[in-house]
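Participant: Provided below are the primary sequence and the corresponding predicted coordinates.
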Amino acid sequence: MKTVEDIEKEIKDVDKELAKVEIELTKWRNKQRILQEQKTSLKKSINKLKSDSLASVDWAGTKYDWSEAVQKTLTDVFKIRTFRPKQLSAINSTLSGQHAIVVMPTGAGKSLCYQLPALIKPGMTLVISPLVSLMEDQVRSLTKREIPAALMTSTSSKEETSAALNVLKDKNTKIKLLYVTPERLAKSKRFMSNLQKCFAEGRLQRIAIDEVHCCSQWGHDFRPDYKFLGILANMFPNVPILGLTATATAHVLNDVQKILNIQGCLVIKSTFNRPNLFYKILEKPTSQEECISIIEKLLKYRYKDQSGIIYTNSIKDSEDVASGLRKVGLKVGCYHANMESDARSKVHMKWHDHYYQAIVATVAFGMGIDKPDVRFVIHHTISKSMENYYQESGRAGRDGLRAECVTLYRMQDVFKVSAMVFSSVGSIEHLYGMVKYCLNGTLCRRQLIAQHFDEDWGNSDCNEMCDVCSNTNPNIKTLSLESHCCTIASIIDNAEKQDTKLTAQKILDAWYLKGPVPLRQKGKEPNFSRSVGEDIVAYLLVEGYLVADFHFTAYSTVVYLKNGPNMESINDVGFELKMPIRRYTEFHLERPAPSEFENDKIEDLNTSKKRTASSHKSSKKLKSCVIISDDEDV
Ligand SMILES: Nc1ncnc2c1ncn2[C@@H]1O[C@H](COP(=O)(O)OP(=O)(O)OP(=O)(O)O)[C@@H](O)[C@H]1O
């Protein structure tokens with residue numbers, strides 16, 4: 001009979017075997033992970049090859065069966081003489097039955113890419129759009145052009161809803177474009193079954209998905225119901241899908257194709273450069289009063305009698321800045337998500353009608369702003385990402401005339417914004433992209449924006465329309481950070497030994513020999529200003545020498561800093577780290593902004609005049625306008 005000792009020995013042997021199995025399993029799991037990564041990357045390569053080969057086709061030709069009809073419809077129905085860049089390519093590709101994603105900056109004319117093809121062949125185009133007010137505007141303007149169009153939204157009356165549902169069933173319907181929100185599509189079984197009937201009868205010509213980046217969690221305004229659209233490609237085979245967006249990052253575009261099940265589709269992208277926008281970073285003062293005083297000068301002198309937007313990152317800031325500016329006699333409206341939708345529409349309208357010189361808004365003031373003569377967009381606080389910054393600043397100068405995009409930057413805002421966004425995936429990396437843009441003082445700001453959109457714009461694309469390129473002093477000064485890195489690392493290590501966590505300000509205090517003596521560094525105070533010190537801390541953070549450590553109290557999120565993974569390299573032989581110092585160009589707050597801008601786009605200016613006139617006319621429509629944004633809580 002076995003003794004307890006025998007059994008225990010046996011257990012040990014089994015444990016040894018189990019340990020061996022575990023090692024083998026780990027090996028195989030690793031192998032499985034590597035193979036899966038390899039498979040994903042190979043699949044991506046296939047999709048890229050497919051996309052590239054489709055993109056190499058010249059879609060802008062005029063020898064298609066439908067080319068004559070397309071040109072005639074352009075002039076006769078839309079009263080437009082020529083296409084803007086990439087519009088014809090988008091139209092030809094979708095008429096050829098290709099799935100495609102069209103990426104064009106705001107105001108470039110994406111709607112024409114699906115409105116015109118809808119009139120070329122029999123059948124109906126389903127347009128999925130996220131914004132009720134824009135859908136209403138489009139249906140109204142199509143109806144004016146005698147193009148039969150209808151819409152169905154969650155606010156549609158019973159009669160409108162049943163009319164829209166009948167459009168799908170009625171073989172003899174005249175409707176060419178049917179607009180619907182993704183929510184309606186996802187939630188109405190009747191709509192989907194009628195759509196299937198329409199498809200079965202061969203009458204579903206095309207599916208256009210406006211603001212298609214809303215599918216992707218990586219996009220700047222993700223909408224959960226857009227995920228539902230993934231079923232369309234399989235449900236309606238051979239019906240071309242045309243996605244449209246102003247979001248151009250490769251990451252979002254890949255994700256969108258995956259979600260819609262149209263991987264490897266054609267991607268048509270026009271340039272994102274906005275040559276008429278002047279980009280400028282201004283040093284932000286520490287106090288709100290000083291900030292308001294800078295904005296006051298800008299509005300009273302630099303942008304006198306001109307229209308613009310001031311973006312803040314919190315409701316409180318928007319109210320404080322608006323009331324501060326009103327106190328000094330400026331006419332500004334305030335706009336944020338805590339206001340009733342009626343009140344928001346009123347503010348929007350007063351701004352549109354030039355009663356308010358500027359709107360002080362959170363990002364709740366988002367999609368659907370179609371005011372062509374916005375001459376300035378001031379960011380009181382940095383945006384959450386370059387993507388958001390491009391969208392927000394891009395609301396300036398839609399008429400093609402010179403406009404300015406001014407951002408007030410100070411290190412403290414990096415932590416304010418990171419405490420707001422850190423919980424969503426990838427948000428910190430996105431924010432650091434924005435910080436790098438602000439800290440940069442040597443590269444053309446346009447080039448940094450271009451890099452973000454995987455584009456390459458040369459210096460000539462800027463034409464001195466950013467504060468870096470317009471700087472007359474070509475000397476670039478750099479600061480060697482090696483010893484400063486060591487000092488900051490030792491400040492943090494020393495505090496950790498005392499069980500103390502440090503915020504960026506506390507690190508700066510210790511560095512500048514302020515604050516509690518035990519936390520102070522042992523060397524000399526730096527021989528540059530504290531604001532340069534702030535730039536260094538922010539630079540070390542975005543370059544991975546420091547990392548943020550988030551802590552929660554009942555009322556707020558505190559961001560402490562720790563030594564990051566790259567800080568280890570300070571011990572490497574020959575370690576070097578240089579930071580280019582920001583150069584502040586002349587920028588007169590109290591002199592009118594230059595108005596000239598070399599531009600030979602006569603077509604654009606003509607269009608803009610028309611658009612200014614029509615936007616005045618349409619301002620009354622704004623009464624019923626609902627602006628939905630990604631951040632309803634700001
Ligand atoms: N080829 C063209 N020539 C002149 N005007 C055009 C042309 N194409 C479009 N437009 C006009 O440009 C304006 C902007 O077009 P549209 O609203 O489609 O832009 P968009 O790219 O959808 O912008 P957003 O992203 O802001 O919705 C409209 O007034 C439209 O009539």
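Facilitator: Received the coordinates, thanks.

Participant: Next up, the contacts around residue 196.
Facilitator: Neighbouring residues of residue 196 by C-beta atoms under 8 Å, 6 or more residues apart in numbering: residue 235. Heads up, the C-betas are built off the backbone N, CA and C, glycines and all.

Participant: Could you say which helix or strand holds it?
Facilitator: Using DSSP states H and E, residue 196 sits in helix 189-200.

Participant: Rounded mean pLDDT for stretch 390-409, please.
Facilitator: Stretch 390-409 carries an average pLDDT of 92.

Participant: With only the CA atoms kept, save it in PDB.
Facilitator: Extracted C-alpha coordinates of stretch 390-409, given in PDB (Å, rounded to 0.1, in the frame of the first residue of the first chain):
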ATOM      1  CA  TYR A 390      -7.800  69.800 -38.200                       C
ATOM      2  CA  GLN A 391     -11.600  69.500 -38.100                       C
ATOM      3  CA  GLU A 392     -12.100  72.400 -35.600                       C
ATOM      4  CA  SER A 393      -9.600  74.800 -37.200                       C
ATOM      5  CA  GLY A 394     -10.800  73.700 -40.600                       C
ATOM      6  CA  ARG A 395     -14.100  75.600 -40.000                       C
ATOM      7  CA  ALA A 396     -12.200  78.800 -40.800                       C
ATOM      8  CA  GLY A 397     -11.900  80.100 -44.300                       C
ATOM      9  CA  ARG A 398     -14.300  77.800 -46.200                       C
ATOM     10  CA  ASP A 399     -14.800  80.600 -48.700                       C
ATOM     11  CA  GLY A 400     -11.200  80.200 -49.800                       C
ATOM     12  CA  LEU A 401     -10.100  83.600 -48.400                       C
ATOM     13  CA  ARG A 402      -7.300  84.100 -45.900                       C
ATOM     14  CA  ALA A 403      -8.200  83.000 -42.300                       C
ATOM     15  CA  GLU A 404      -6.200  82.400 -39.200                       C
ATOM     16  CA  CYS A 405      -6.000  79.400 -36.800                       C
ATOM     17  CA  VAL A 406      -4.500  80.500 -33.500                       C
ATOM     18  CA  THR A 407      -3.800  78.000 -30.700                       C
ATOM     19  CA  LEU A 408      -3.000  79.100 -27.100                       C
ATOM     20  CA  TYR A 409      -0.600  76.600 -25.700                       C
END
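
Participant: neighbours around the nearest residue to residue 380 once chain neighbours are set aside, how many?
Facilitator: Leaving aside its sequence neighbours, residue 380 sits nearest to residue 312 (C-beta to C-beta, 6 or more residues apart in numbering; 4.6 Å). Residue 312: 24 surrounding residues under other C-beta atoms under 10 Å.

Participant: One more: residue 454?
Facilitator: Counted with other C-beta under 10 Å, residue 454 comes out at 13.

Participant: Tell me the spatial nearest neighbour of it, not counting adjacent residues.
Facilitator: For residue 454, the spatially nearest residue (C-beta to C-beta, 6+ apart) is residue 250, at 5.3 Å.

Participant: Just the pLDDT for the one you found.
Facilitator: For residue 250, the model assigns a pLDDT of 80.

Participant: Please tell me how far it sits from residue 430.
Facilitator: 14 Å (C-beta to C-beta, to the nearest Å).

Participant: the more surrounded of those two?
Facilitator: residue 430 (21 against 11).

Participant: Secondary structure element holding the more buried one?
Facilitator: Going by DSSP H and E, residue 430 is part of helix 427-439.

Participant: Point me to the helix or strand that includes residue 163.
Facilitator: Assigned by DSSP H and E, residue 163 falls in helix 158-169.

Participant: Only alpha carbons, please: show the helix or strand following that helix as PDB.
Facilitator: Using DSSP H and E, the helix or strand that follows helix 158-169 in sequence is strand 177-180. Output in PDB follows, covering the C-alpha atoms of strand 177-180 (Å, rounded to 0.1, in the frame of the first residue of the first chain):
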ATOM      1  CA  LEU A 177     -32.200  59.500 -53.100                       C
ATOM      2  CA  LEU A 178     -33.600  58.200 -49.800                       C
ATOM      3  CA  TYR A 179     -31.800  59.600 -46.700                       C
ATOM      4  CA  VAL A 180     -31.800  57.700 -43.400                       C
END
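
Participant: List the strands paired with strand 177-180, with their directions.
Facilitator: Note on strand 177-180: by DSSP bridges, its sheet partners are strand 124-128 (parallel), strand 149-152 (parallel).

Participant: how about the very next helix or strand once past it: buried residues?
Facilitator: Sequence-wise, the next helix or strand downstream of strand 177-180 (DSSP H and E) is helix 182-187. Using 16 or more other C-beta atoms under 10 Å as the test for burial, helix 182-187 gives 182-186.

Participant: Could you let me know which of those ends up closest to the ligand?
Facilitator: residue 182 (16.2 Å; C-beta to the nearest ligand atom).

Participant: wait, doesn't that closest one sit right on residue 230?
Facilitator: No: counting by C-beta atoms under 8 Å, residue 182 stays clear of residue 230, with 11.1 Å between them.

Participant: Give me the buried positions along the helix holding residue 430.
Facilitator: For helix 427-439, by 16+ other C-beta under 10 Å, it's 427-428, 430-439.

Participant: re the thing from before, show me what the helix holding residue 163 is packed against.
Facilitator: strand 149-152, strand 177-180, helix 189-200 (3 or more C-beta pairs under 8 Å, 6 or more residues apart in numbering; DSSP states H and E).

Participant: ranking those by burial, who's on top?
Facilitator: Compared across the helices and strands packed on helix 158-169, strand 177-180 shows the largest average neighbour count, a mean of 24 (mean count of other C-beta atoms under 10 Å).

Participant: what sits up against that strand?
Facilitator: Counting by C-beta under 8 Å, 6+ apart, 114-115, 118, 124-129, 135, 138-139, 142, 147-153, 164, 167-168, 191 sit against strand 177-180.

Participant: which of the residues you listed are buried?
Facilitator: When the contacts of strand 177-180 are checked for burial by 16+ other C-beta under 10 Å, the buried set is 114-115, 118, 124-129, 135, 138-139, 142, 147-153, 164, 167-168, 191.

Participant: quick check, stretch 359-370 touching the ligand?
Facilitator: No: Stretch 359-370 does not reach the ligand (C-beta under 6 Å from any ligand atom); its nearest approach is 6.5 Å.

Participant: Quick check: mean pLDDT of that stretch?
Facilitator: For stretch 359-370, the per-residue pLDDT averages 82.

Participant: Let me see the backbone angles for the residue nearest to residue 380.
Facilitator: Per-residue torsions, residue 312: phi -120, psi 170 (degrees, to the nearest 10).

Participant: so it touches residue 362, yeah?
Facilitator: Yes: using C-beta under 8 Å, residue 312 is in contact with residue 362, at 6.0 Å.

Participant: what about the nearest residue to residue 264 once chain neighbours are set aside, distance to the ligand?
Facilitator: Excluding the flanking residues, the one nearest residue 264 by C-beta to C-beta, 6+ apart is residue 50, at 3.2 Å. According to C-beta to the nearest ligand atom, to the nearest Å, residue 50 stands 26 Å off from the ligand.
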